[in-house]
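S.K.: A predicted structure for the sequence below; I have some questions about it.
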Amino acid sequence: MVRSQYWVFVIMMVILCNTLFMLAKAISDDPTVDNPDSVYSIADEYLLYIYTVEMAVKIMAFGIILNVNGYLRDMWNFLDFVIIVGGWISYFLGKF
């Protein structure tokens, strides 16, 4: 499934959507951008969920590290892992 062209297309569309939200947030003059109820904060949260599901599915498909094609053996996946873990740390620190 994770090597399917449809899977790759959907993930690329999610990345494009995420990029557009980051661009819109960066150029916004709205003072409520950092409000937890803003569309940007809600989008960040849901995009983090989607990226986490993508990571979990890839880990189930390839294994985490022990397999030759393990998830963390690919440097792009390792970068994704670091970003997702950082996103969850930021998410939980923002809740407290």
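M.R.: Received the coordinates, thanks.
S.K.: report the distance from stretch 18-25 to the chain centre.
M.R.: 13 Å (CA atoms, centre = their mean, to the nearest Å).
S.K.: what lies in contact with that stretch?
M.R.: Stretch 18-25 has contacts (CB atoms under 8 Å, 6 or more residues apart in numbering) with 33, 40, 43, 44, 47. (Each C-beta comes from the backbone N, C-alpha and C, glycine too.)
S.K.: likewise stretch 82-96?
M.R.: So stretch 82-96 is contacted by 36, 45, 48, 51, 52, 55 (CB under 8 Å, 6+ apart).
S.K.: so how far is residue 26 from residue 59?
M.R.: Going from residue 59 to residue 26 by CB to CB, to the nearest Å gives 31 Å.
S.K.: and residue 60, by the same measure?
M.R.: 34 Å.
S.K.: and for residue 12?
M.R.: 21 Å.
S.K.: could you do residue 3 as well?
M.R.: 33 Å.
S.K.: just the helices from the protein, written as ranges.
M.R.: Remark: helices assigned in the chain by DSSP state H are 5-27, 39-62, 75-95.
S.K.: can you redo the ones you listed as a markdown table with mean neighbour count, distance to residue 68 and mean pLDDT?
M.R.: Shown next, in a markdown table, are the helices of the chain (neighbours: other CB atoms under 10 Å; distance: least, CB to CB, whole Å; pLDDT from 0 to 100):
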| stretch | mean neighbour count | distance to residue 68 | mean pLDDT |
| --- | --- | --- | --- |
| helix 5-27 | 12 | 21 | 93 |
| helix 39-62 | 15 | 9 | 94 |
| helix 75-95 | 12 | 14 | 94 |
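S.K.: for those, which one sits closest to residue 69?
M.R.: Comparing the helices of the chain by their distance to residue 69 (CB to CB), the top pick is helix 39-62, with 5.1 Å.
S.K.: residues contacting the closest residue to residue 80 other than its chain neighbours?
M.R.: Distance criterion CB to CB, 6 or more residues apart in numbering; nearest residue to residue 80, sequence neighbours excluded, is residue 55 at 6.3 Å. By CB under 8 Å, 6+ apart, residue 55 lies in contact with 71, 77, 80, 81, 84.
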